[in-house]
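>>> no FASTA, just this:
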């Protein structure tokens, strides 16, 4: 983590002005590790042997990136999934099944002034009718349940939510207008689960569109057609992508957000959208490497055959010469 932090600072010093950064990777060492972060202050070891608190590391990095007005930074964050990872920090499959079922149980919906960080922590333990959810899973998972694993799980949820809250708190300060935050839902569930209030809490802190609504789509399972219309998996229309053409691309100007603006834009009616295609070189490195090796082998074989024919001809000439 400390090395990644210093690597980002090195890129900034080298003049980089576009970033797509996974906060789970930078701050915790990966998505799996982020499911085990605790609410206590964490210390990160730097390559020089020194240490820095996780919160200070985040603040320093974001301050450094915000100092250049030409920078555009995309931050990727996540909501912790319903249960921790099997095998990580001694977690067993039985504990995973129990905690996942516990996390899947309905919670009370928090709204308005009740939708607070502290309110969410309290909602972890109680159902919509104030039933104790710990006791509700006792019968089926009595052998797998233990208070230590349960305490780690709740502490991890609290720590992850606290970190995500800190990120939004920093972004709401002046000077971070060129930052964009995207929050994914790890192991997302459409059910009335433990993630519900966390999602609502983080959603209310996101930047809004011109009408004041959060910039979001109701699902991440999009099905675009070739005309650019966006549909949900169930076929519900969500919106459309527009492909525009300009009379002179040289006249386009790039704004501070990494987008291009210009005059005389006209929609391209003949444009075709290719879903999940990636614009890149049309050369397949692996395929071409195999082809090169095959060609090299063929060349070696041809050279060997030429050598054999040469030896045969030489022997024929020499033998005929001796016979005469």
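Everything's here; your move. These numbers were taken from a predicted model, which means no experiment stands behind them.
>>> any weak-confidence spans in the chain?
Applying pLDDT under 70 to the chain flags the ranges 1, 38-41, 138-145, 188-191, 207-220, 255-259, 278-282, 320-324.
>>> and the strands in it, which stretches?
Assigned by DSSP state E, the chain shows strands spanning 18-22, 43-45, 51-53, 72-79, 179-185, 229-231, 237-240, 244-245, 253-254, 260-261, 266-267.
>>> mind listing the helices for the chain?
In the chain, the helices defined using DSSP state H lie at 2-13, 23, 31-34, 54-66, 93-104, 117-123, 133-136, 147-171, 195-203, 285-323.
>>> tell me the angle of the first one relative to strand 72-79?
Looking back up the chat, that one is helix 2-13. For helix 2-13 against strand 72-79, the angle by axes from the mean of the first three to the mean of the last three C-alpha atoms, to 10 degrees is 160 degrees.
>>> in helix 2-13, what counts as buried?
Across helix 2-13, burial judged by 16 or more other C-beta atoms under 10 Å covers 2, 4, 5, 8, 12. For every residue, glycine as well, the C-beta is placed using N, CA and C.
>>> may I ask which two of those are separated the most?
Farthest-apart pair in the buried residues of helix 2-13 is 2 and 12; separation 16.0 Å (C-beta to C-beta).
>>> and residue 311, how many neighbours?
Around residue 311 there are 10 other residues, counting by other C-beta atoms under 10 Å.
>>> for residue 104, that is, sorry about that
Counted with other C-beta under 10 Å, residue 104 comes out at 16.
>>> any idea how far the nearest residue to it once chain neighbours are set aside is from residue 199?
Closest residue in space to residue 104, ignoring its immediate chain neighbours: residue 193 at 5.0 Å, by C-beta to C-beta, 6 or more residues apart in numbering. Residue 193 sits 10 Å away from residue 199, going by C-beta to C-beta, to the nearest Å.
>>> do I have it right that residue 43 meets residue 51?
Yes - with contact defined as C-beta atoms under 8 Å, residue 43 counts as touching residue 51 (4.6 Å).
>>> just to revisit the earlier point, who has more neighbours, residue 193 and residue 199?
Neighbour totals were compared for residue 193 and residue 199, and residue 193 leads with 19 against 14 (other C-beta under 10 Å).
>>> contacting residues for that one?
Shown in contact with residue 193 (C-beta atoms under 8 Å, 6 or more residues apart in numbering): 82, 103, 104, 105, 106, 107.
>>> now do the buried residues in stretch 72-85.
For stretch 72-85, a neighbour-count test (16+ other C-beta under 10 Å) marks 72, 73, 75, 76, 77, 78, 79, 80, 81, 82, 83, 84 as buried.
>>> brain fart, stretch 175-190
By neighbour count on 16+ other C-beta under 10 Å, the buried set for stretch 175-190 is 176, 178, 179, 180, 181, 183, 188.
>>> which member of those is positioned nearest residue 94?
Comparing the buried residues of stretch 175-190 against residue 94 with C-beta to C-beta places residue 188 closest, at 23.5 Å.
>>> please state the offset of stretch 158-171 from the chain centre?
In terms of C-alpha atoms, centre = their mean, to the nearest Å, the centre of stretch 158-171 is found 17 Å from the chain centre.
>>> number of residues surrounding the residue lying closest to residue 12 once chain neighbours are set aside?
Distances taken as C-beta to C-beta, 6+ apart place residue 64 nearest to residue 12, at 5.6 Å, with adjacent residues excluded. A count of nearby residues for residue 64, using other C-beta under 10 Å, gives 15.
>>> start and end of stretch 5-24, how far apart?
12 Å (C-alpha to C-alpha, to the nearest Å).
>>> how much space between residue 250 and residue 260?
Distance from residue 250 to residue 260, by C-beta to C-beta: 11 Å.
>>> more neighbours, these two?
residue 260 (11 against 7).
>>> which ones are touching the more buried one?
Residue 260 neighbours (C-beta under 8 Å, 6+ apart): 252, 253, 254.
>>> export these to a markdown table and tack on distance to residue 311 and neighbour count?
Formatted as a markdown table, the contacts of residue 260 follow (distance: C-beta to C-beta, whole Å; neighbours: other C-beta atoms under 10 Å):
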| residue | distance to residue 311 | neighbour count |
| --- | --- | --- |
| 252 | 66 | 13 |
| 253 | 70 | 9 |
| 254 | 66 | 11 |
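>>> perfect, that will be all.
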